[in-house]
Each structure stands twice: as structure tokens, then as C-alpha cells.
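Participant: Compute the structure for the input listed below.
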Amino acid sequence: MSEIAAAHDDHHDYHPSGLWRWVTTTNHKDIGTLYLWLAMIMFFIGGAMALVIRTELFSPGLQFVDPQFFNSMTTLHALVMIFGVVMPAFTGLANWQIPLMVGATDMALPRLNNWSFWILPFAFAMLLSTMFMDGGGPAGGWTLYPPLTLQTGNALPFVIFSIHFMGMSSIMGAINIIATIVNMRAPGMHMMKMPLFVWTWLITAFLLIAVMPVLAGGVTMLLTDKFFGTSFFNAAGGGDPVMFQHIFWFFGHPEVYILILPSFGVVSSILPTFSRKPLFGYSSMVYATASIAFLSFVVWAHHMFTVGMPLAGELFFMFATMLIAVPTGVKVFNWVATMWRGSMTFETPMLFAIGFIIMFTIGGFSGLMLAIVPADFQYHDSYFVVAHFHYVLVPGSIFAIMAAVYYWLPKWTGNHYPERLGKWHFWLSTIFVNLTFFPMHFVGLAGMPRRIPDYALQFADYNMLASVGAFGFGFAQLLFLYIVVVTIRGGEKATDQVWEGAEGLEWTLPSPPPYHSFTTPPVVR
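Facilitator: All right, here's what the predicted structure looks like:
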């Protein structure tokens, strides 16, 4: 017996080092770090694909890449950015912060946590390898619509297999997050005392579990249509390609909220800190987030207004889509009310959070325009749609991730990042992201179709501006990488109270606030 106990003690004291430590780790902080570095690597790969697209579109005519490769770039850029950047980055933030925020020692299922990360590098290696296969990579857009996707060469089964891997990883991560939040909160932390970041991730995790299997089913039916003689989406065999659109968007619309809800949690953590006030309307923020998540399941066909659905269907999906503006408006109002008469300072995380609010709101307004059925008939598949969703996902999701990194980096590393360089990164990113995507509204309204490598002469000037902006934004992110590496390696030591005068506001705050946000100025000690 004593030998077994001794062996157990030896095993308990065994701490691997070097590469093996990262392969076998079950520590939530290590795994969070792995997710964040994977997201950073994929960010530059997906960004390089975007620059291929913008290089081709710099001027009219076919210059640099053939149309097949151009379409492959648009498809892979989207899959990499969604599944390889935004989702892993937010999962990394969740791994780092949720146990700290709820008072848990680690995630509830540490080995599952390790597995759900290590699936991903293999999934993306498989996805990116499709560029080198016969017939080129997938060229059906990230939506993978048949019959276009079914003409993809040998790449299709590899793309679908990699999507299955990504979905498995997401579902396991979501189960882990729910188990941690529900079962491992510190005594006294009931649900309505949890930080907003924890709430947004709890709701996001339920969305992931609900919709990832839907995508898995849809792409598996695509696979059997191509290789096993089924006709789910083949009209000649009695199938219907529009059915794929319904299946895909029933996944795809909640998916866009999976990409943005954790951003709301990040911004709701940062604004109170740099306003030196509690978050305005905590409980309404929780209910608004839950409402957005619920409504995301009943608006999927607003992506499909042009397929010939009945008028009653168009009306329902139009009004349901407009309804999402209400809880979203509640959130924006509460963020502005939090800043109102606060003792605001403008460190880099706060700049990114304010930039998020302003530019995400632009994306929201263009989304309302797209919700109007007769208008959508004109906007559909134009660059206006590209402008809309990039305003939501770049200054939305990506800016929130950057804000979170700047905000929590002192906590993670014990070092403070170089503040001046952080502000340079913010302003360069903001200027170039608007130079890239704002002109796309104009060419879209003028009728320029998306996903096509050539265009009419009258769109040349705005496309040139957008391409210049894209390269500027891309190179500005090298500064971000530099800042992160410099901070990890050393620099000014962070104190216990990283953000001056804001200690205690970093985690959760009671609601309602102890003073009325609109009348009594806050006391700053």
C-alpha cells in the first residue's frame, strides 16, 4: 500500500516542462494562453488572405489571382477569421477569466479543456491544406451553398471534416464553461452578482451547444450529396438547395451572436473601471443579453429574403429582426449611462471600448437597413452587406478582444504594456478600419456585387481606398503583436491596483448602484 501511495505522490509532484508542459497542461491559465496565441497566429493568416482579396480588387480587371483562387480566399478568410480567430480568442479569455471571476480553482473539466484546445491546431492544418489540393480550395463562400460548393474538388471532405473538429471543440468548451459557472461559484456569488463577462459567456455557451450540431448536420448532408448519391439539396433528385440555406442560417444567425455577445461582456467590464462608477443597469444588461440570444433563433431567414418566401414569412422575419434592435439599444444606452458624469480616463482598453460602441452601432444601423425587405432586395449580395458585417465583426468582436488583452495583460503577466504604443495601435486601427469598410457602403449601394474579382470602372476609386485601408490595418496589427511580446518579456511592473482609482470595479458591481448615475457625481478616492 505504501508503495502505491509513494508512486501516487511521485506522480502528484511531477511537473513537466518545456513543450510537454503545454501539450499536457490542464491549467486554465495555460490553456487560455494557448487559445489566445492560436487566435493571434490565425489572425495573421486570415489577414493575409484578406490582403490577397484587396490586392486583386485594388483596380478593375483580373490582375494577380485567378477567379477560382479568389473565391477560395474569400471562403477560407471567413472560416479562419470566425472559427480560428474570434471564437478561440473569446474561449481563451473565458478560460483565463471565468475561474478567477467566479472564485473557482480551475475549470470544471480540466482534461476536456486540454482536449478541446488541441483539436483545433489539427482542424486548421487540415482546413489550410485544402489550398494545395487538386482543383484548389473550397470556393463556395463561407456559407458553403450548394450547388456551388459541390463543384469544389478534392478539398470538400477535408473542409467538412475540419468543420466537424471545430464544432466538437466549441461544444466541449461550452459544456466546460457552463459546468464551471453553474457548479463552481464561490459561496455568496449568486447568479445576479456574477460579472457581465461571465453572464455573456454562459449565454453564449448555450447558443454554441444549440447550433453547432445544426451546422454539422448540414455539412454532412452536403458530403452525402457529393459522394453517396443522396439528393438533399439537388433539385434533379427531388431535393431543394434552399433547404440548405435554412439549415445553414439556423446555425449561422445565432453564430454571429456567439461572435459578439462575449464582446458585450468585455466592454461591460472595462467601461465601469475607467468611468470609476458601477455599471448602469446591471440586471437589464443580463436580461437584454438573454433576449438577444433568444431572438437570434427566430430571425435566420432574413439572410434569405430573395429566395421567394411567402409575404407572411418576409414580414415575420423583418419585424423579428427589427425587434433585436430593442435589447441592443438597451445595452448601448446603459454603456453611455455608465460613462455619463463619470471620472473618465482614456487608457488604451477604454479607447478600444468606446471605439467598439461607436462603430458597432454603425454596424447595427446598417443591419436595420438590411432588415427592411424591399430595401434588402436591392442590398442583397452587394458590398453593402460586406460593409455591414465587417463593421460588426472587426470594430465589434476584434476591437473587444484587443480591449480585453490590453485590460487584462497586466493581470496575466505582472507587467504593464507600453501605454503610448497601445494608443498608437488604437488610432491606426481605427483610422484604417474605417478607411477599409466605410467606402464599401457606397459601392454596395451603387450596385457592386460581392465575391467577384472584377468590377465596373465606376467603383475603382472607392476600391482603391478600401485596399489601402486594408493594408494599413493589417500592418498596424504588427504593432499589437510587438506590444504583447514586449509586455510578456518584461517592462514596467504592474501594481496591485493596475488602473488608478478603480480598484474593486474590475470584477462585479452591485445593482442598483449606490448612487443615482445621473444626479450625484461619483466619489473618487
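Participant: Which residue, other than its chain neighbours, is closest to His388?
Facilitator: Ser366 (4.1 Å; CB to CB, 6 or more residues apart in numbering). Any C-beta I mention is one placed from the backbone N, CA and C, and that applies to glycine too.
Participant: SS state for the one you found?
Facilitator: Classification of Ser366 using DSSP: H, G, I helix; E, B strand; the rest coil returns helix.
Participant: give the contact list for it.
Facilitator: Ser366 is in contact with 384, 387-388, 391, 441, counting by CB atoms under 8 Å, 6 or more residues apart in numbering.
Participant: And it, what's its pLDDT?
Facilitator: On pLDDT, Ser366 comes in at 96.
Participant: and if you look at Leu120?
Facilitator: Leu120 is given a pLDDT of 97.
Participant: Tell me how far the residue nearest to it when sequence neighbours are not counted lies from His253.
Facilitator: Nearest non-adjacent residue to Leu120, counting by CB to CB, 6+ apart: Ser169, 5.3 Å away. According to CB to CB, to the nearest Å, Ser169 and His253 sit 21 Å apart.
Participant: same check, this time on Val242
Facilitator: For Val242, the distance to His253 - CB to CB - is 16 Å.
Participant: Give me the more crowded residue out of the two.
Facilitator: Set Val242 next to His253 and count neighbours by other CB atoms under 10 Å: His253 wins out with 22 against 17.
Participant: would that one count as being in a strand?
Facilitator: No - under three-state DSSP, His253 falls outside any strand and is assigned helix.
Participant: doesn't Val298 make contact with it?
Facilitator: No - using CB atoms under 8 Å, His253 is not in contact with Val298, being 9.0 Å away.
Participant: Quick one: residues contacting Ala403.
Facilitator: Counted by CB under 8 Å, 6+ apart, Ala403 has contacts 266-267, 270, 348-349, 352-353, 356.
Participant: quick revisit: what residues sit buried inside the helix or strand where the residue nearest to Leu120 lies?
Facilitator: Element membership of Ser169 [criterion: DSSP states H and E] is helix 155-183. Buried residues in helix 155-183, counting neighbours by 16 or more other CB atoms under 10 Å, are found at 155-156, 158-160, 162-178, 180-181.
Participant: Can you spell out which helices and strands pack onto that helix?
Facilitator: Secondary-structure packing of helix 155-183 (3 or more CB pairs under 8 Å, 6 or more residues apart in numbering; DSSP states H and E): helix 87-102, helix 110-129, helix 196-227.
Participant: So for Gly61, which of those helices sits nearest?
Facilitator: helix 110-129 (28.4 Å; CB to CB).
Participant: between that closest one and helix 87-102, how big is the angle?
Facilitator: With axes from the mean of the first three to the mean of the last three CA atoms, to 10 degrees applied, the angle from helix 110-129 to helix 87-102 works out at 160 degrees.
Participant: Which strands or helices does helix 110-129 pack on?
Facilitator: helix 28-56, helix 67-79, helix 155-183.
Participant: what about Gly153, how many residues close to it?
Facilitator: 14.
Participant: Next up, the contacts around it.
Facilitator: 133-136.
Participant: can you list those in TSV and add distance to Gly61?
Facilitator: Formatted as TSV, those follow (distance: CB to CB, whole Å):
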residue	distance to Gly61
Met133	28
Asp134	28
Gly135	25
Gly136	21
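Participant: Tell me where the model's unsure across the chain.
Facilitator: Applying pLDDT under 70 to the chain picks out residues 1-14, 501-525.
Participant: now the strands for the stretch 251-400 of the chain?
Facilitator: Taking DSSP state E, counting those that start in this stretch, the stretch 251-400 of the chain contains no strands at all.
Participant: And the helices in it?
Facilitator: 282-295, 311-323, 325-339, 348-371, 373-379, 383-392, 399-413 (DSSP state H, counting those that start in this stretch).
Participant: Show me what the fifth one is packed against.
Facilitator: Pointing back at helix 373-379 there. Right, helix 373-379 is packed against helix 311-323, helix 348-371, helix 419-445 by 3+ CB pairs under 8 Å, 6+ apart.
Participant: Could you do the third one as well?
Facilitator: If contacts are counted by 3+ CB pairs under 8 Å, 6+ apart, helix 325-339 sits against helix 241-275, helix 282-295, helix 348-371.
Participant: Show me which residues of that helix are buried.
Facilitator: Buried, per 16+ other CB under 10 Å, within helix 325-339: 327-328, 330-332, 334-335, 337-339.
Participant: what's the angle between it and helix 196-227?
Facilitator: Going by the same axes, to 10 degrees, helix 325-339 makes 150 degrees with helix 196-227.
Participant: Give me the distance from helix 325-339 to the chain's centre.
Facilitator: Offset of helix 325-339 from its chain centre (CA atoms, centre = their mean, to the nearest Å): 20 Å.
Participant: now the angle from that helix to helix 241-275?
Facilitator: 10 degrees.
Participant: do the longest one as well
Facilitator: Here the directions of helix 348-371 and helix 241-275 differ by 150 degrees (the same axes, to 10 degrees).
Participant: Neighbours of Phe437, how many?
Facilitator: 25.
Participant: which residues sit in contact with it?
Facilitator: 386-387, 390-391, 394, 466, 469.
Participant: which of those lies closest to Gly491?
Facilitator: Closest to Gly491, out of all of the contacts of Phe437 and judged by CB to CB, is Val394, at 27.8 Å.
Participant: Pull the number of nearby residues for the nearest residue to Trp118 once chain neighbours are set aside.
Facilitator: Nearest residue to Trp118 in three dimensions, chain neighbours excluded: Val23, at 7.3 Å (CB to CB, 6+ apart). As a burial measure, Val23 scores 11 neighbours (other CB under 10 Å).
Participant: What about Phe227, how many residues nearby?
Facilitator: Neighbours of Phe227 (other CB under 10 Å): 11.
Participant: ok, the closest residue to it other than its chain neighbours to Gly474 distance?
Facilitator: Nearest non-adjacent residue to Phe227, counting by CB to CB, 6+ apart: Pro157, 7.2 Å away. Distance, Pro157 to Gly474, by CB to CB: 32 Å.
Participant: now His416
Facilitator: From His416 to Gly474 the distance is 27 Å (CB to CB).
Participant: repeat for Ser129
Facilitator: 23 Å.
Participant: between the two, which one's more packed in?
Facilitator: More crowded of Ser129 and Gly474, by other CB under 10 Å: Gly474, with 18 against 14.
Participant: Gly47 is in contact with the more buried one, correct?
Facilitator: Yes - look at Gly474 against Gly47 with CB under 8 Å: they come within range, at 5.0 Å.
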